[in-house]
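K.L.:
3D, please:
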Amino acid sequence: MAAPPRDLDPRIAEEHLEELARLTDTAGGRVVAVVRQRIDSPSPKMYIGEGKADELRTVVESSEADLVIFDEELSPAQGKNLEQHAGVRVMDRPELILDIFATRARSRESRMQVELAQLQYLLPRLKRMWNHLSRIRGGIGLRGPGETQLETDRRLIGTRIADLRRKLRDVARAREIQRHSRQGEFRAALVGYTNAGKSSLLQALSGADVFVEDRLFATLDSMTRSVDLGDGYSVLVTDTVGFIRKLPHHLVASFRSTLEEAREADVLLHVIDASHPDREEQEEVVADVLEELELDDRPQVLVFNKIDRLTHDEEAALRDRVRAFRPVPAVFLSAHQPETLPRLHEALKARIRAQLEEVTLRIPASDGKSLAAVYDDGEVLHRHDANGQVTVRGRLSGPVLGRLLKRPGVERVEAGT
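P.N.:
Next up is the predicted model:
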């Protein structure tokens, strides 16, 4: 069910409905009918007009549907009135997305995050949920106890919300300790619209076993893998939850701690499905969520994935358009074409080099540990061995350089000395 604004492009409105159908499929439902209405402004009573509400009820009865899903967010009153009018359960897009997240969450943290978002969504709609329950049970004798139980449930939900927030703060502190232990390592975070291919890309880059499925929100739990870029460079790449248009704000808030991985990253890899017809709208959705999370100021590389689905002319046109209108670096590849991955390797190595300081160190030849650190954690540009000393000119990160200069016998050689 959709009620797009009157000025919305019909093609985009149709794409919104197709995405809603995919969400329904992901949730385990089956679409049996679609009802459309273009309106200037939503009706406070039922979002749609009275006539369209009557048509909806007729479609529900003729198709024997047992659920109506709106592509827009409904107020508690609108949801209640629509359920009474249609005679079946009514969900809006945020509730559908929350339901999908609930079935897809695997880790303890993501399950708590989804539960918190669900409870925050449910709280103002609790009375409608009880009314729905009373219809199922016949409603006889439930009104008094139901009202009492309603207040009890509100208090219980409030207590549970406070408990979940406390536990998630504890998890956030543990994450902070974990991130602190990785200081000195270059980090990249994959962000992007759901189903853009972030998990496939992480699997291709790292060679690790990463769950991949061609469905919306196939993975919710962030995972970090080490990626060897060659030439002595490596990067820790973290896959984050996918974004989607009209993402429930409770969900964004709940997943804020998980997305801290993106905040701490040295660069965001914005993965974009190059083959999607609404690619630019999806880019805007991701940009809006990043702004809401205060991540829009982070360095970015645009990663246009799935170029294997484009013709040569389409890819060339895309490259020209991106170079003309995008102020940030862009890479064009396919997670299913290994020969295209070095393009991203080179972009990441350029980012790493930009953060490294070029320095000359004098190290005792017997200090194998310090020499190994220079080779393993930096880039050696020149080496000279003489009189039991090794003089190395190279590029090193600040934390690695600081650790080396604390070691006995290691000293920095200034230019001209």
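K.L.:
all strands of this protein, in order?
P.N.:
Ranges of strands in the chain, per DSSP state E, are 67-70, 89-92, 187-192, 223-230, 233-239, 267-273, 300-305, 330-332, 357-364, 379-386, 389-396, 411-412.
K.L.:
how about CSV for those, with mean neighbour count and mean pLDDT added?
P.N.:
All C-beta spots, glycine's among them, are computed from the backbone N, C-alpha and C. Putting the strands of the chain into CSV (neighbours: other C-beta atoms under 10 Å; pLDDT from 0 to 100) gives the following:
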stretch, mean neighbour count, mean pLDDT
strand 67-70, 21, 95
strand 89-92, 22, 92
strand 187-192, 25, 93
strand 223-230, 16, 88
strand 233-239, 22, 89
strand 267-273, 24, 96
strand 300-305, 23, 96
strand 330-332, 20, 96
strand 357-364, 17, 93
strand 379-386, 12, 91
strand 389-396, 18, 92
strand 411-412, 13, 93
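K.L.:
Select, out of those strands, the one closest to Glu15.
P.N.:
strand 267-273 (12.7 Å; C-beta to C-beta).
K.L.:
strand partners of that closest one, parallel vs antiparallel please.
P.N.:
Partners of strand 267-273 in the sheet, by DSSP bridges, are strand 187-192 (parallel), strand 300-305 (parallel).
K.L.:
how about these in CSV, adding distance to Ala330?
P.N.:
Shown next, in CSV, are the strands paired with strand 267-273 (distance: least, C-beta to C-beta, whole Å):
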stretch, distance to Ala330
strand 187-192, 13
strand 300-305, 4
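K.L.:
can you tell me how far Ile352 sits from Leu205?
P.N.:
15 Å (C-beta to C-beta, to the nearest Å).
K.L.:
who's more crowded, these two?
P.N.:
Leu205 (25 against 21; other C-beta atoms under 10 Å).
K.L.:
Could you report the pLDDT at the more buried one?
P.N.:
Among the per-residue scores, Leu205 holds a pLDDT of 93.
K.L.:
Isn't it up against Leu341?
P.N.:
Yes - Leu205 lies in contact with Leu341 (C-beta atoms under 8 Å); the separation is 6.5 Å.
K.L.:
Any regions of the stretch 251-400 of the chain where pLDDT drops low?
P.N.:
Scanning the stretch 251-400 of the chain for pLDDT under 70 picks out 254-258, 260.
K.L.:
Please, where are all the helices along it?
P.N.:
Taking DSSP state H, counting those that start in this stretch to define them, one finds helices in the stretch 251-400 of the chain at 260-263, 279-292, 312-325, 342-355, 368-377, 398-405.
K.L.:
which of those helices sits most buried?
P.N.:
helix 260-263 (a mean of 19; mean count of other C-beta atoms under 10 Å).
K.L.:
which secondary structure elements does it contact?
P.N.:
helix 143-181, strand 187-192 (3 or more C-beta pairs under 8 Å, 6 or more residues apart in numbering; DSSP states H and E).
K.L.:
what's the neighbour count on Ala33?
P.N.:
Ala33, neighbours per other C-beta under 10 Å, totals 13.
K.L.:
That should have said Ser63, apologies.
P.N.:
11.
K.L.:
List the contacts of it.
P.N.:
Ser63 sits next to Val32, Ala33 when contact means C-beta atoms under 8 Å, 6 or more residues apart in numbering.
K.L.:
before we move on, what about Val413?
P.N.:
Contacts of Val413 (C-beta under 8 Å, 6+ apart): Thr360, Leu361, Arg362, Thr391.
K.L.:
Looking at the residues you listed, spot the one nearest Thr24.
P.N.:
For the contacts of Val413, the nearest to Thr24 is Leu361 (60.6 Å; C-beta to C-beta).
K.L.:
List the contacts of the residue nearest to Glu414 when sequence neighbours are not counted.
P.N.:
Distances taken as C-beta to C-beta, 6 or more residues apart in numbering place Thr360 nearest to Glu414, at 7.9 Å, with adjacent residues excluded. Shown in contact with Thr360 (C-beta under 8 Å, 6+ apart): Thr391, Val392, Arg393, Arg412, Val413, Glu414, Ala415.
K.L.:
Including distance to Gly49, could the residues you listed go into JSON lines?
P.N.:
Shown next, in JSON lines, are these (distance: C-beta to C-beta, whole Å):
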{"residue": "Thr391", "distance to Gly49": "81"}
{"residue": "Val392", "distance to Gly49": "76"}
{"residue": "Arg393", "distance to Gly49": "74"}
{"residue": "Arg412", "distance to Gly49": "75"}
{"residue": "Val413", "distance to Gly49": "79"}
{"residue": "Glu414", "distance to Gly49": "78"}
{"residue": "Ala415", "distance to Gly49": "77"}
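K.L.:
So Phe243 sits against Asn195, correct?
P.N.:
No - look at Phe243 against Asn195 with C-beta under 8 Å: they stay out of range, at 10.6 Å.
K.L.:
Quick check: beta-bridge partners of Asp92?
P.N.:
Phe70.
K.L.:
Assess the claim that it and Leu74 are in contact.
P.N.:
Yes - contact criterion C-beta under 8 Å: Asp92 and Leu74 qualify, at 4.3 Å.
K.L.:
Show the contacting residues for the closest residue to Arg323 other than its chain neighbours.
P.N.:
Leaving out its chain neighbours, the residue that sits closest to Arg323 by C-beta to C-beta, 6+ apart is Ala330, at 7.4 Å. Counting by C-beta under 8 Å, 6+ apart, Ala330 touches Val301, Leu302, Val303, Phe304, Val322, Arg323.
K.L.:
which of those residues sit farthest apart?
P.N.:
Across the contacts of Ala330, the longest distance by C-beta to C-beta is 15.0 Å; it joins Val303 and Arg323.
K.L.:
Break the protein into its domains for me.
P.N.:
Using automatic domain parsing, the domain ranges for the chain come out as 10-103, 105-181, 184-353, 356-412.
K.L.:
Can you report how many residues lie near Arg30?
P.N.:
9.
K.L.:
residue contacts, it?
P.N.:
So Arg30 contacts Thr24 (C-beta under 8 Å, 6+ apart).
K.L.:
So which of the strands of the chain is nearest Gln37?
P.N.:
That would be strand 67-70 among the strands of the chain, by C-beta to C-beta, at 10.7 Å.
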